[in-house]
Every structure is written in C-alpha cells, then in structure tokens.
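Student: structure of the sequence below:
(2 chains)
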Protein chains: 2
Amino acid sequence: MKPTLTFWFEFASTYSYLTAMRIDSVAEPHGIDVVWRPILLGPIFAAQGWRTSPFNIYSAKGANMWRDLQRRCDARGLPLTRPEPFPQNSLRAARVALAALETNFGHHYCRQVFIAEFQHGKDISEPETIGEALSAAGLSPDLLSAADDVSRKAELKARGEEAKAYGLYGAPSFTVGEELFWGDDRLEDALAWAMRGKASFGNRD
Amino acid sequence: MKPTLTFWFEFASTYSYLTAMRIDSVAEPHGIDVVWRPILLGPIFAAQGWRTSPFNIYSAKGANMWRDLQRRCDARGLPLTRPEPFPQNSLRAARVALAALETNFGHHYCRQVFIAEFQHGKDISEPETIGEALSAAGLSPDLLSAADDVSRKAELKARGEEAKAYGLYGAPSFTVGEELFWGDDRLEDALAWAMRGKASFGNRD
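Tutor: Numbers count the residues shown, from 1 in each chain, chains lettered A, B, ... in the order given. Next up is the predicted model:
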C-alpha cells in the first residue's frame, strides 16, 4: 500500500504557489502518492469573519508575507510577479482543475495556472488564461466548459465542506489520514508522517 | 563586527517557547550575537482588532496550532503542558526580563520562565513563579521588584512601539537590520541573513 498525502490548495494563495512548484519533485523519491485537491478559501475565510484575504485585512502581516514570499522565491529560483488584484478570483481555475485532475496532466495544468498568475501576472479569472494553461499542460481547451458544469460546481462545494471537516483553515494544507498540517513550511513534516504510516505497514508484514 | 540578530518574543507565545529553547545553541556556532527583546503582544493584537490570542478567536487555527506544537515538541524532545489560562498574563515576566537581560543570566531566566509555563504548567503572572525562575537562573529574587518599577514599565512600552515600527505583528519575530522574519520556522532564514551581512563585511576587507 503506497503512502498517500492529500494536498489542499487554493489557486489564489501565495504559499500554495510555492508548494505546487515543488511538491511532486519532493514527494516522488519517497514513493508517496500526492492527491491534489483544489478548494476555495473564500467560504472558509467567511466562516472566520473575513471577506478577503487576511493578508489584506492585517496590513503588517500582509506586508511581511510579500517580503517573505520574495525571499523564498529568490532562494528557490522562482520568478514572482504580484498579481493584481490580490487575491484573484479562482473559481474558474478550480472547477476546471477538477476535470483536469481526472487526467494524467492535472498537476501540470495546476502548475501552469500558478505560473500564469504568479510569474506572468495574468488574471486567472479569464477564460483565455485558463485555456492557455490547459494547452500548456497538453490538455484540450474543451475542459474549459467544466467551469459552467453544474456537477463540477457541486463537487467543488463538497470538497470545501470536506476540507472544513478536517479542520482546514488556510492553504496550502496537507492531510495524511486524519492528521492535518498547515503551510508550505510543513510539507516535510507531512511527508514524514506519510512515510511513518508506510513504516508501520512494513512492521506488520 | 559580529553579526547580530534581534529575537522578539512574548512569554505567553507558544512558538516563542520553541524558539527560546533553541536559538542560543543554533546561533552560537555561527558566531551570531542574539539580542533578546521581550514584548507584549496584547497591544499589537489590539491594533489588529483582537482582544485575545488569534488562536482563541479562530478555533480551527487554534486546534491545529496545539497539534502542531505537540508534534514539534515531540520531534525536539521538549515536554509540553498546555498552560491554563491561555494566553498567560506575561506582564510581570516581561518587566523582570528587562532587568534580567542586563546581566549575563538573562537568557537563562527567560528560558526558565518558558519552562515553568509550558513544561510545568505554572502561572507566570505569579511572583512565586517568577522568583523561582530568577533563582533557577542564578539571579537574585530582588529583581522581582522590576515588575513595579516605573522605568521598566516605560521601557517595555517603548520596546513594543519599536517592534511595531519594524512592522512586527506576531511572535517570535527576528530582525536583522531592517529585515523582519516571522515565526520559529524562519529562524534559519534570519540567521542566514545575519551571516550574509557578515560575508559582505568580509568582502570589504
């Protein structure tokens, strides 16, 4: 049984960008399956009384987030363009991701969305941006129609409810079984937790 | 010129406990001077509209913080007892720290306060707890009087204003020159930044 980690992310989230760009290459050598789960933070933030990103509400926190993000991008060799507006409307990107993630190219599509947004400063609410991301990932632009698909709308809502049930309150987050980890800084801990599960399976052999 | 890093902490802060227990041993091999600066987060949180810790206000965030803290303490071999009430009133501990930090035993006193609070579950607002921490650090219990010293009260307020001027919004935080880093997770980045300064001094030789 392969160890599995679920990666919960929001396309508008700055630290989700950092994780999306590294999670596959970090997880693969350990033989860990990573399940990508796009969610919308809007409803989760609304439940905490926030109508926008806490980085906009709390200005000192927001200012240091952008500085921290720039330092981390510099250290990892990642370009960074600050998207305007921030946060972006990620509804279309997320619904299309649900369809894309049923193919073998879903992770690539998701990374292409993050690259468009945080490297090229493109508006990810635009169908053109999402179409280009699909195309760059080797997927058909027909998947764009998922954005207006009633069943995808329902699926995305259900994923959000599932995330809340895990106690998720921000992105990126990781779950391994019931164990919840928050933030790009906890990716290594989450991977180690997943491996621990593998070790205990091994012990039962 | 020795590289210097300023460590801003709040005695009631869970992640400040994690940092206080490791910062000296991590910084010393690099020859970095660490300046310890106790502050009160209360006024800083109040400026953000919070009347208590955000971990109490946002329950999902708070629940995962305690879980994360337990995992980190387990990994570092640190005992953890959840203080009641949380957050503790750290006014006395902080004012006394200002006096203790003018001696060679200040860091030890601060660690003893964190140990009393987060390992033994003691109330750090009590003079007995603070007296024991002074004594365990090899300091005179006479320093307890700093808690009622008008000049120490003013000094602690001034430190808080200084912290705000750096854009500080939580603890622990680190500053190297004007550069601000937030959270125990950024200690290594802050140390590397301090070393970078040292390297550039070296280049000018």
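Student: from here on, just use CA atoms for contacts and neighbour counts.
Tutor: Fine.
Student: hmm, A:E84 is touching A:G121, no?
Tutor: Yes. At 7.3 Å, A:E84 counts as touching A:G121 under the criterion of C-alpha atoms under 8 Å.
Student: these two: which is more packed in?
Tutor: Higher neighbour count among A:E84 and A:G121: A:G121, with 16 against 12, using other C-alpha atoms under 10 Å in any protein chain shown.
Student: what sits against the residue nearest to A:T6 when sequence neighbours are not counted?
Tutor: Setting aside the residues directly before and after it, A:T6 is nearest to A:V35 in space (C-alpha to C-alpha, 6 or more residues apart in numbering or on different chains), at 4.6 Å. Applying C-alpha atoms under 8 Å, 6 or more residues apart in numbering or on different chains, we find A:V35 in contact with A:4-7.
Student: run the last query once more with 7 Å
Tutor: By C-alpha atoms under 7 Å, 6 or more residues apart in numbering or on different chains, the residues touching A:V35 are A:5-7.
Student: so where do the helices sit in chain A?
Tutor: If DSSP state H is used as the criterion, the helices of chain A fall at A:14-20, A:23-27, A:41-47, A:54-57, A:59-76, A:91-100, A:106-118, A:127-136, A:150-165, A:187-204.
Student: to B:I44, which of those helices lies closest?
Tutor: Closest of these to B:I44 is helix A:59-76, at 10.3 Å (criterion: C-alpha to C-alpha).
Student: do you know how far the closest residue to A:S53 other than its chain neighbours is from chain B?
Tutor: Closest residue in space to A:S53, ignoring its immediate chain neighbours: A:P87 at 6.7 Å, by C-alpha to C-alpha, 6+ apart. Separation of A:P87 from chain B (C-alpha to the nearest C-alpha, to the nearest Å) stands at 20 Å.
Student: dump the residue contacts of the closest residue to A:D24 other than its chain neighbours.
Tutor: Counting by C-alpha to C-alpha, 6+ apart, A:D24 lies nearest to A:V34, which is 7.3 Å off, once chain neighbours are set aside. A:V34 is in contact with A:4-7, counting by C-alpha under 7 Å, 6+ apart.
Student: try it again with 6 Å
Tutor: By C-alpha atoms under 6 Å, 6 or more residues apart in numbering or on different chains, the residues touching A:V34 are A:4-6.
Student: those in strands, which ones?
Tutor: In strands, judged by DSSP state E, the following of the contacts of A:V34 are found: A:4-6.
Student: in JSON lines, list the residues you listed along with distance to A:D189, neighbour count and pLDDT.
Tutor: Converted to JSON lines, the ones in strands among the contacts of A:V34 look like this (distance: C-alpha to C-alpha, whole Å; neighbours: other C-alpha atoms under 10 Å in any protein chain shown; pLDDT from 0 to 100):
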{"residue": "A:T4", "distance to A:D189": "13", "neighbour count": "21", "pLDDT": "96"}
{"residue": "A:L5", "distance to A:D189": "11", "neighbour count": "23", "pLDDT": "97"}
{"residue": "A:T6", "distance to A:D189": "13", "neighbour count": "18", "pLDDT": "98"}
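Student: my read is that A:W8 contacts A:R37, right?
Tutor: Yes. If you go by C-alpha atoms under 6 Å, A:W8 and A:R37 touch, sitting 4.7 Å apart.
Student: what does chain A put close to chain B?
Tutor: Within chain A, the positions lying close to chain B (C-alpha under 6 Å from any C-alpha of the partner chain) are A:60, A:167.
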